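Trainee: The sequence isn't on hand, but the structure is:
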């Protein structure tokens, strides 16, 4: 059961209705049952793994909270049971490593053996990857560290903790939430609110717009080009990389909006995950706007414990690289992902190293940092750097990534006008639609960046206009969206991480 | 409390409004073929105008013409045959139709009775989902339709698009045209042949029908089960059933199925007609579009035959002359006009000759083949000329590769083969003068107008076949076909 399916709508409707029917103090039990049911429909028996993670987190939390300081309630900064924390986190990391990285490690060993002239191991890893494992394990680890740090109270109610880790809107692809934000909402559920329902539904529609109007159409072109990349060159490759840059954004942001929207209908607020990332003026800013829940998780639970920027200039740069390499590895068990992560780390390191030079240049050239043109150049440069990074993220191998990266600069702009673009599986009308949709997406992002909420603007209109907009939006998405027979409902990119 | 009530009313209104627009959009983007084929059924059924319902596969769609039945016998019928329909889907088509009317007679074709695949989504069923959509999309969602889908499909996911076809058609937004919008207006395109689709082609193979002298099927099948259900349902509702097998190039299994259909009909005391075994009913080579489907010639013969049987065995009212049924007269007139328009100007020579056969009694025309023409090696063409009445003279022309002239004056045939002296032929449309001087140079004029030779021009000196139509002393149309390996280039003069 994926978000883009009739089953999900039926499931969501029943879940929400019953959620508000049940007495407040029992609602979390219903939500947990629904979440586990949802996960079972997604992953079948691998639900056991999710339950195991919740048990480890629960037991770990209790053990961490059993330390003397924790019992006394004295606030000494770090007052949990460190051994319990290390054991629980190790168990969770091991689970992640076994399920996600066994194959990767084996392949790496085989490559090394081949390089050294040794006969490679004959073992093949055939381990099914539970959907969302990277997300819910990180969420569980975050909870344990927060318990250790004393920033959250150890949860004594197993079912509530299990719900925090398994909550169905986010179990598949995040956002990676914090216990401090979610547990209190499960303990004290809000009453039904018409405004929240409306806002949640609008967010969901926007999410579906991003996913099935834009992302799934761009995917048709991108998949075709990357599948036989050697058949293409120049501007076509360039267009494919741009399309992928938007595809991954719309795919992941679309998912997130559907997740946040469906939770909001139930009165549960999930943290924002995207804030107009492609309007960032630097890579550092990009990471403050892209996959915010992961970036902040990495910062809180890896970068800061590594020393952050407190242990000197060089150590700061090294820490950045470590964090981004981990981020890459978290995304996928392949060296291309690690390289993608490291590339982003490197972008930042170079940015930091060159900062004095950049500042001097700006001064010499008399550039106004607040000018529109300067901001625009920064946005374009950042966008292109991110775009290059995505090539390694999308390409099946280093070789193919390098082919695309080196081949995409050869100018052949006529392919944009001579109908070539219409030969990639999308009809002319669909290409036009997707371009219009991308323009709309950009406009909405710019408005949001300027603090103008389109949703709020719509809510402030007269009833007839609001309803016209709602109805038009629903009709547009369900008519022009890519869904129905032949649609791969399991195609959210981040659900495979 | 008041606020809550207001909110509920508002939400309810919004949901109604949204649902209305979703239904409207789904009707707009829906593929219109099902609407076009079945819309007249709903209109006629609503007025209680349908005496006979016809069920079966595409054999029925192409083989039985309700307008001809009406014109010849005065009773009304609707062709609800479905493309690719097996008895299982015909049963449910029948059940869906019964929700809207109760006919006096149901005619069901037993083709595919041997089919023993339980579900239409089974790969072995070989049922095209597009065809099934065409058959049932127009029927609104109802309890019967849900039962039909549940019974026909095994895979739950396969069912959804049949319960709400928007699932498959929403992507048609990019191909909408005027006919999609006309769906909501009285000008909508609909099948005015009461569900029949007439084929105007003829196959180019030479078939021989073999009677395998087979018995019936060796066991009960899904097909026999559903044929029995149709009969039982009809008998339960006092509807007379006629089990038929329309003619086609039946193999041994098909012939066994037709025998079993007769046995089942007999078991229930129903009338049955196995047209596979009616001697001389159709010519398998000239009356079929392909080995399975009748063309206009075959359809006319089969409909005529079936009409007589229904007339003789069923108590059916003659509605001709009844003002309430005047639209049937209009539609029949339209159909006649269609045939009339089709009788000349066909680029496809085989279709043209078939239409000449259909209209032979009404037209005066000549077919001329030049000497040494490669058309003499075209078996389909020769077969069609013989069906028109060509005799041994044609065989002589073929043997000597000389020129040939065939004149049909409202069915009266005159032929010439080879070079020779001037011939004068009196026809009801004028006096023709024909001089076959050589293989290529031949002269034909009408009513002594020697200035105009209709058989020779420098531009078309090597035309293989020429067709001339005569009307009130003039050549009303001339069609020229030049063969290139039996692919004919078409021109008019």
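Mentor: Yep, it's here. What you see is a predicted model; the values in this text were computed from it and never measured.
Trainee: going forward, measure contacts and count neighbours with C-alpha atoms only.
Mentor: Will do.
Trainee: so where's chain A shaky on pLDDT?
Mentor: A:67-79, A:123-125, A:486-497 (pLDDT under 70).
Trainee: measure the most centrally placed residue in it to chain B for me?
Mentor: By Cα atoms, centre = their mean, the mean C-alpha position of chain A lies nearest to residue A:291, the distance being 4.7 Å. The gap separating residue A:291 from chain B is 32 Å, by Cα to the nearest Cα, to the nearest Å.
Trainee: That residue reaches residue A:276, doesn't it?
Mentor: No - counting by Cα atoms under 8 Å, residue A:291 does not reach residue A:276; the two are 10.6 Å apart.
Trainee: Nearest spatial neighbour of residue A:235, chain-adjacent residues omitted?
Mentor: residue A:412 (5.2 Å; Cα to Cα, 6 or more residues apart in numbering or on different chains).
Trainee: quick one, what contacts the one you found?
Mentor: Residue A:412 is in contact with A:234-236, counting by Cα atoms under 8 Å, 6 or more residues apart in numbering or on different chains.
Trainee: Just the ones of those in helices?
Mentor: Counted as lying in helices by DSSP state H, out of these, are A:235-236.
Trainee: Could you list the residues of chain A in contact with chain B?
Mentor: With the criterion set to Cα under 8 Å from any Cα of the partner chain, chain A comes near chain B through A:429-430, A:467, A:471, A:475, A:478-485.
Trainee: list the buried ones in stretch B:37-45?
Mentor: B:37-42, B:44-45 (16 or more other Cα atoms under 10 Å in any protein chain shown).
Trainee: who's in contact with residue B:221?
Mentor: Counted by Cα under 8 Å, 6+ apart, residue B:221 has contacts B:113-116.
Trainee: circling back to that earlier point, scan the contacts of residue A:412 and report the most crowded one.
Mentor: Neighbour counts for the contacts of residue A:412, by other Cα atoms under 10 Å in any protein chain shown, peak at residue A:236, which reaches 26 neighbours.
Trainee: OK, contacts around that one?
Mentor: So residue A:236 contacts A:408, A:412, A:415 (Cα under 8 Å, 6+ apart).
Trainee: Tell me the spacing between it and residue A:221.
Mentor: Going from residue A:236 to residue A:221 by Cα to Cα, to the nearest Å gives 10 Å.
Trainee: now do residue A:167
Mentor: Residue A:167 is 34 Å from residue A:221, where distance means Cα to Cα.
Trainee: is any part of whichever helix in chain B runs longest close to chain A?
Mentor: The residue-count maximum for a helix in chain B (DSSP H) belongs to helix B:2-29. Yes - for helix B:2-29, a contact with chain A is found by Cα under 8 Å from any Cα, at B:14, B:18, B:21-22, B:25.
Trainee: Identify the residues contacting stretch A:446-463?
Mentor: For stretch A:446-463, the external contacting residues (Cα under 8 Å, 6+ apart) are A:199, A:202, A:275-276, A:279, A:444, A:466, A:469.
Trainee: Give me the buried entries from these.
Mentor: Buried members of the contacts of stretch A:446-463, counted by 16+ other Cα under 10 Å: A:199, A:202, A:275-276, A:279, A:444.
Trainee: so what are the domain limits for chain B?
Mentor: B:1-27, B:31-340, B:346-492 (automatic domain parsing).
Trainee: Make a markdown table from the ones you listed and add mean pLDDT and distance to residue A:259 to it.
Mentor: Listed next are the domains of chain B as a markdown table, based on pLDDT from 0 to 100; distance: least, Cα to Cα, whole Å:
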| stretch | mean pLDDT | distance to residue A:259 |
| --- | --- | --- |
| domain B:1-27 | 92 | 23 |
| domain B:31-340 | 94 | 23 |
| domain B:346-492 | 91 | 61 |
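Trainee: Could you give the number of residues near the residue lying closest to residue A:422 once chain neighbours are set aside?
Mentor: Nearest residue to residue A:422 in three dimensions, chain neighbours excluded: residue A:428, at 5.5 Å (Cα to Cα, 6+ apart). Per other Cα under 10 Å, the neighbour tally for residue A:428 reads 14.
Trainee: Who are the packing partners of the helix or strand hosting residue A:148?
Mentor: Assigned by DSSP states H and E, residue A:148 falls within helix A:133-149. With contacts defined as 3 or more Cα pairs under 8 Å, 6 or more residues apart in numbering or on different chains; DSSP states H and E, helix A:133-149 has these neighbours: helix A:47-65, helix A:82-96, helix A:158-166, helix A:179-187.
Trainee: Need the winner for burial among these.
Mentor: Highest mean neighbour count of the helices and strands packed on helix A:133-149: helix A:158-166, a mean of 24 (counted as mean count of other Cα atoms under 10 Å in any protein chain shown).
Trainee: Pairing partners for the lengthiest strand in chain B, with directions?
Mentor: Counting by DSSP state E, the longest strand found in chain B is strand B:474-484. Sheet pairing of strand B:474-484 (DSSP bridges) gives strand B:465-471 (antiparallel), strand B:487-492 (antiparallel).
Trainee: Highest average neighbour count across the ones you listed: which stretch is it?
Mentor: Comparing those by mean neighbour count (mean count of other Cα under 10 Å), strand B:465-471 ranks first with a mean of 21.
Trainee: residue boundaries of the helices in the stretch 101-250 of chain B?
Mentor: In the stretch 101-250 of chain B, the segments counted as helices under DSSP state H, counting those that start in this stretch are B:129-136, B:143-152, B:156-163, B:166-169, B:178-182, B:222-236.
Trainee: Select, out of those helices, the one closest to chain A.
Mentor: Chain A sits nearest to helix B:166-169 of all the helices of the stretch 101-250 of chain B, at 5.2 Å, using Cα to the nearest Cα.
Trainee: ok, residues contacting that closest one?
Mentor: For helix B:166-169, contacts defined as Cα under 8 Å, 6+ apart pick out A:483-485, B:26, B:29-31, B:160-161.
Trainee: Let me know the secondary structure of the residue in the stretch 301-450 of chain B that chain A sits nearest to.
Mentor: Among the residues of the stretch 301-450 of chain B, residue B:347 lies closest to chain A, at 33.0 Å counting by Cα to the nearest Cα. Secondary structure assignment for residue B:347 (DSSP: H, G, I helix; E, B strand; the rest coil): coil.
Trainee: Next up, the contacts around it.
Mentor: Counting by Cα under 8 Å, 6+ apart, residue B:347 has contacts B:489-491.
Trainee: re the thing from before, among the domains of chain B, which comes closest to residue A:209?
Mentor: Taking Cα to Cα, domain B:31-340 is the member of the domains of chain B nearest to residue A:209, at 14.8 Å.
Trainee: Got phi/psi on the closest residue in space to residue B:189 that isn't next to it in sequence?
Mentor: Nearest residue to residue B:189, sequence neighbours excluded (Cα to Cα, 6+ apart): residue B:36, at 6.1 Å. The phi/psi pair for residue B:36 (degrees, to the nearest 10) reads phi -60, psi -40.
Trainee: Check the gap between residue B:36 and chain A for me.
Mentor: On the measure of Cα to the nearest Cα, residue B:36 and chain A end up 22 Å apart.
Trainee: Now for that residue, how many residues are close by?
Mentor: Residue B:36 - counted by other Cα under 10 Å - has 19 other residues nearby.
Trainee: The closest residue to chain B within the stretch 301-450 of chain A and residue B:101: what is the separation?
Mentor: Going by Cα to the nearest Cα, chain B is nearest to residue A:429 of the stretch 301-450 of chain A, at 6.1 Å. Applying Cα to Cα, the value for residue A:429 to residue B:101 is 43 Å.
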